[in-house]
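Trainee: Fold the following.
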Amino acid sequence: MQILTLFPVAIGIVDNPDHKTIKKNIIKESTFIKDKVKKGGEFWGSDVYNTLGTYNIVENDKFNSLHEWLFEKVRDYAITMGYKNKKIQCKDGWINFYKKYDYQDVHDHDTCDISAVYYVSIPKNSGNIMFYTHETRGVANFYDPNNQFTWKTYSIEPREGMLLMFKSNLQHRVDPNKTNQSKITLAYNFKVL
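Mentor: So this is what the prediction gives:
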């Protein structure tokens, strides 16, 4: 029997080999921004501190060493997705500080093409990211851990220095932070031109 794998969901995962070197400076600058910049992200269900719409970290030179690596990896992902001869432009980037019990509701970034999350400081049990099938209606859910064709959701436990890349219309959520420590992530949206 021939099986066609149509409309695949491709999530790029790569670890930054220089994360330990840049982590302290990213946390320092992110905390400085948090102390100075008004919270963004209107309409978010949780009280997560973020700079979406209030401060674009892409314009901050102190993130340049991370951004050079990160934008190269997003370009690699875009090429894999079939955008070889297209320009990839970062629309915006923001900081997220998840304190205890903070989370993100199910959402997508459908005004963009590629989204990315970089994990800066990740205490154990501070919240996985959960992705949802893009099928709006489906057959009965007969989950088999050994057969990805039966999966309707997929949870990824983040680790420090990990970069996740995915199509912006892919619905996802962030589970609650169950620790007393802040989880710090950086999020980005890209357009394919």
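Trainee: Asn96 reaches Thr185, doesn't it?
Mentor: Yes - assessed by CB atoms under 8 Å, Asn96 is found in contact with Thr185 at 4.6 Å. Every C-beta, even on glycine, is put in place using the N, C-alpha and C of the backbone.
Trainee: Does Tyr103 touch Asn128 like I think?
Mentor: No - in this structure, Tyr103 is not within contact of Asn128 by CB under 8 Å, at 10.5 Å.
Trainee: Identify the residues contacting the residue nearest in space to the middle of the chain.
Mentor: Geometric centre of the chain, nearest residue: Val117, 2.5 Å, by CA atoms, centre = their mean. By CB atoms under 8 Å, 6 or more residues apart in numbering, the residues touching Val117 are Ile129, Pro158, Leu163, Leu164, Thr185, Leu186, Ala187, Tyr188.
Trainee: immediately after the strand or helix carrying the third one, which helix or strand?
Mentor: If I follow you right, that is Leu163. In this assignment (DSSP states H and E), Leu163 forms part of strand 162-167. Next helix or strand after strand 162-167 toward the C-terminus (DSSP H and E): strand 172-174.
Trainee: now that next one: mean pLDDT?
Mentor: Averaged over strand 172-174, pLDDT sits at 97.
Trainee: Identify all contacting residues around it.
Mentor: Contacts with strand 172-174, where a contact means CB under 8 Å, 6+ apart, come from 98, 103-108, 127-132, 166.
Trainee: show me where the chain has helices.
Mentor: Using DSSP state H, the helices found in the chain span residues 19-36, 64-80.
Trainee: looking at those helices, which is buried most?
Mentor: helix 64-80 (a mean of 17; mean count of other CB atoms under 10 Å).
Trainee: what's the spacing between it and its chain's center?
Mentor: Centre-to-centre, helix 64-80 and its host chain are 13 Å apart (CA atoms, centre = their mean, to the nearest Å).
Trainee: Kindly calculate the angle that that helix makes with strand 162-167.
Mentor: Here helix 64-80 points in a direction 40 degrees away from that of strand 162-167 (axes from the mean of the first three to the mean of the last three CA atoms, to 10 degrees).
Trainee: residue contacts, the closest residue to Lys99 other than its chain neighbours?
Mentor: Using CB to CB, 6 or more residues apart in numbering and skipping residues adjacent in sequence, the residue nearest Lys99 is Ser182, 5.5 Å away. Neighbour list for Ser182: Phe97, Tyr98, Lys99, Ser121 [criterion: CB under 8 Å, 6+ apart].
Trainee: how much space between Lys23 and Met165?
Mentor: In this structure, Lys23 and Met165 are 20 Å apart, going by CB to CB, to the nearest Å.
Trainee: next one: Arg159
Mentor: As judged by CB to CB, Arg159 and Met165 stand 15 Å apart.
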